[in-house]
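J.: give the three-dimensional model of this entry:
(one chain, ligands or ions: 1)
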Amino acid sequence: MKLDAIQAAAAAQFDKQSQNYGKGHILEQTPDVELALQHIPLRAGWRALDVATGGGHTGLLLAARGCEVTLGDISANMLERAAKLGAERGLRVATRQFPAEAIPFGDGEFDLVSCRVAPHHFSDPEGFVREVTRVLKPGGYFLLIDGSMEDGRPEAEAWLHQVEKWRDPSHHRMWTKGTWERWCAAAGLTLVHSELQPMKQPDLEWYFNAAATSPGNRAKVCEAIRTVTPAVRELMRIGKEDGKTVWWWQRLILVARKAMR
Ligand SMILES: C[S@@+](CC[C@H](N)C(=O)[O-])C[C@H]1O[C@@H](n2cnc3c(N)ncnc32)[C@H](O)[C@@H]1O
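T.: Reported below is the predicted structural model:
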């Protein structure tokens, strides 16, 4: 598997941190996926590909609904743990290691391609959308969920980008809602649903521990939060609850569809 520098950094980071993303991780809760699925006429027997499956929470949900699921990820350790979790739940899934930017399947193979809380690591997210479109059957659905932001807030975008980079150097970039919508349209997908949902991050310790942030970088993030401008503080709703720092992120929930022919 030939990887560029950004992909290699993500693979190394997640191979190291795979034990943090399984049972008990916040991503095990899937109300966001349920919300997206309200816009998809999911049927048992559909072939689904879950790209950058991480702990497998999205792909396993689809398998539990009767889809024939392949879990894909750039990290071998992540795939191993996700498959193990599936086996514990009595779910049969296939796994395949690959970068999201080069999907190793033929044209028109899948009814559904999902990707949740991962594209901010991708080196070529627009290329990824093109690949998704290629492997979808005519009429197939793309389900995308990722941290995002409304358009027209460059200060907040830059601030959050810096904070995320300190927290996890394998973070590449978050993209705005409008950017994702443009990429989908350019690839030939029709938007079915697109919304930004506020999502509360539990607390800073949890945020750091999931990515094993270094002590030096934890200090930088804390200082960035202390000195954040009022406009960004308000947008991110940064505050204290029971002595913990809490903040709200925007999560994009997008469903798009490939034309029937
Ligand atoms: C936070 S986890 C994903 C969570 C998961 N989708 C869920 O629903 O719980 C991020 C995953 O993205 C994977 N990843 C990062 N960059 C990637 C890339 N370029 N191609 C494929 N997987 C990638 C990582 O290995 C990691 O497993």
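
J.: contacting residues around the residue of the chain found nearest the ligand?
T.: Nearest residue of the chain to the ligand: Gly54, at 2.6 Å (C-beta to the nearest ligand atom). In this view, the C-beta of every residue, glycine as well, is placed from N, C-alpha and C. Contacts of Gly54 were listed using C-beta atoms under 8 Å, 6 or more residues apart in numbering, and they are 14, 21, 27, 73, 78, 82, 116-118.

J.: can you put these in JSON lines and add distance to Gly140 and pLDDT?
T.: JSON lines is the format used below for the contacts of Gly54 (distance: C-beta to C-beta, whole Å; pLDDT from 0 to 100):
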{"residue": "Phe14", "distance to Gly140": "27", "pLDDT": "91"}
{"residue": "Tyr21", "distance to Gly140": "27", "pLDDT": "80"}
{"residue": "Leu27", "distance to Gly140": "24", "pLDDT": "88"}
{"residue": "Asp73", "distance to Gly140": "21", "pLDDT": "98"}
{"residue": "Met78", "distance to Gly140": "25", "pLDDT": "96"}
{"residue": "Ala82", "distance to Gly140": "22", "pLDDT": "97"}
{"residue": "Arg116", "distance to Gly140": "17", "pLDDT": "98"}
{"residue": "Val117", "distance to Gly140": "21", "pLDDT": "95"}
{"residue": "Ala118", "distance to Gly140": "19", "pLDDT": "96"}
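
J.: what is the three-state secondary structure of the residue of the chain closest to the ligand?
T.: Classification of Gly54 by DSSP: H, G, I helix; E, B strand; the rest coil places it in coil.

J.: could I get the pLDDT score of it?
T.: What the model reports for Gly54 is a pLDDT of 96.

J.: and it, how close does it get to Ala102?
T.: From Gly54 across to Ala102, the span is 19 Å (C-beta to C-beta, to the nearest Å).

J.: do Phe110 as well
T.: Distance, Phe110 to Ala102, by C-beta to C-beta: 15 Å.

J.: neighbour count winner among the two?
T.: More crowded of Phe110 and Ala102, by other C-beta atoms under 10 Å: Phe110, with 25 against 14.

J.: can you pull the contacts of the more buried one?
T.: Taking C-beta under 8 Å, 6+ apart as the contact definition, Phe110 lies against 47-49, 135-137, 140.

J.: now swap in Gly178 and tell me
T.: Neighbours of Gly178 in contact, by C-beta under 8 Å, 6+ apart: Asp151.

J.: quick one: the helices in the chain?
T.: Using DSSP state H, the helices assigned to the chain run over residues 5-17, 31-37, 57-64, 76-88, 125-135, 154-167, 177-187, 204-211, 215-226, 230-236.

J.: mind checking which of the ones you listed is nearest Gln197?
T.: Closest of the helices of the chain to Gln197 is helix 31-37, at 6.7 Å (criterion: C-beta to C-beta).

J.: near the ligand at all, that closest one?
T.: No - using C-beta under 6 Å from any ligand atom, helix 31-37 stays clear of the ligand, with a minimum separation of 7.2 Å.

J.: for that helix, which helices and strands make contact with it?
T.: Helix 31-37 is packed against helix 57-64, strand 110-116, strand 136-148, strand 189-201, strand 244-258, with contacts defined by 3 or more C-beta pairs under 8 Å, 6 or more residues apart in numbering; DSSP states H and E.

J.: what pairs with the fourth one, parallel or antiparallel?
T.: On the basis of DSSP bridges, the sheet neighbours of strand 189-201 come out as strand 244-258 (antiparallel).

J.: quick check: angle from the partner strand to helix 125-135?
T.: With axes from the mean of the first three to the mean of the last three C-alpha atoms, to 10 degrees as the basis, strand 244-258 and helix 125-135 are set at 40 degrees to each other.
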